[in-house]
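**Q** Quick one, fold the following:
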Amino acid sequence: MPLHDRILDHFQSSAQTKLDAAALLAPAIEQAARLMVHSLTQGNKILACGNGGSAANAQHFAVAMVNRFEQERPGLAAIALAADASTMTAIANAQNFDQIFARQVKALGQPGDILMVISASGHSGSVLHAVAAAHARGMPVVALTGRRGGGLAEQMQEDDVFLCVPAESAARIQEVHQLIIHCLCDAVDSVLLGVEE
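**A** A predicted model of the protein is given here:
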């Protein structure tokens, strides 16, 4: 396939995956946004984590919460657990890599806080352990995943929100995850700033 056609195919595939996900995930995205608003207005915080590109998406979410998304507003309490390399490597060295997020959730998480986990496959050990730690702390989980949800699907509880992108490609799943994050940020701002209709 010519390179130009490959590039066009990426754009078309990305657009189609987003369209396929829109109707399926919009109600759950709204549910997650309202859960976040409730938590934040009660003085709680959101902890976000993932590995690799998902770690970058978690950091992007935390930045948009603490600083701003598209509208000026006071900062909102969110922490990206992969942003502290010293803490992560200390935990990985002293415990094991699967505990890098769970240990932080146990130390920083409180009942009423939210854990947002991001894993394209739903099989990441560090993310699965973080979910177990959050449930033990009385924290609901917002899970962004893809394919069939992997182990994350099996861990979901009644108060959790499960956002599973209907795609197999990690690239397409991560692109939809970034769009979901933007939807969440906009929805939270819309409710908090009173622009929701």
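**Q** buried sites along the longest helix seen in the chain?
**A** Longest helix of the chain, by residue count under DSSP state H: helix 3-41. Within helix 3-41, the residues that count as buried by 16 or more other CB atoms under 10 Å are 14, 17-18, 21, 25, 28-29, 32-33, 35-37, 39-40. Where C-beta positions appear, they are placed from N, C-alpha and C, glycine not excepted.
**Q** Can you tell me which of those residues is closest to A56?
**A** The closest of the buried residues of helix 3-41 to A56 turns out to be S14 (CB to CB; 17.2 Å).
**Q** tell me the contacts of that closest one?
**A** 172, 175 (CB atoms under 8 Å, 6 or more residues apart in numbering).
**Q** any idea how far it lies from A102?
**A** 33 Å (CB to CB, to the nearest Å).
**Q** thought V127 was touching G149?
**A** No: here V127 does not reach G149: they are 11.6 Å apart, not a contact under CB atoms under 8 Å.
**Q** who has more neighbours, those two?
**A** V127 (29 against 20; other CB atoms under 10 Å).
**Q** quick one: contacts for the more buried one?
**A** Contacts of V127 were listed using CB under 8 Å, 6+ apart, and they are 49-51, 54, 101, 117-119, 152.
**Q** Which of those residues fall within strands?
**A** Residues of those located in strands (DSSP state E): 49-50, 117-118.
**Q** could I get these as CSV with distance to I180 and pLDDT?
**A** Output for these, formatted as CSV (distance: CB to CB, whole Å; pLDDT from 0 to 100):
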residue, distance to I180, pLDDT
C49, 15, 98
G50, 13, 97
V117, 13, 98
I118, 9, 98
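**Q** I'm done for today, thanks for sticking with me.
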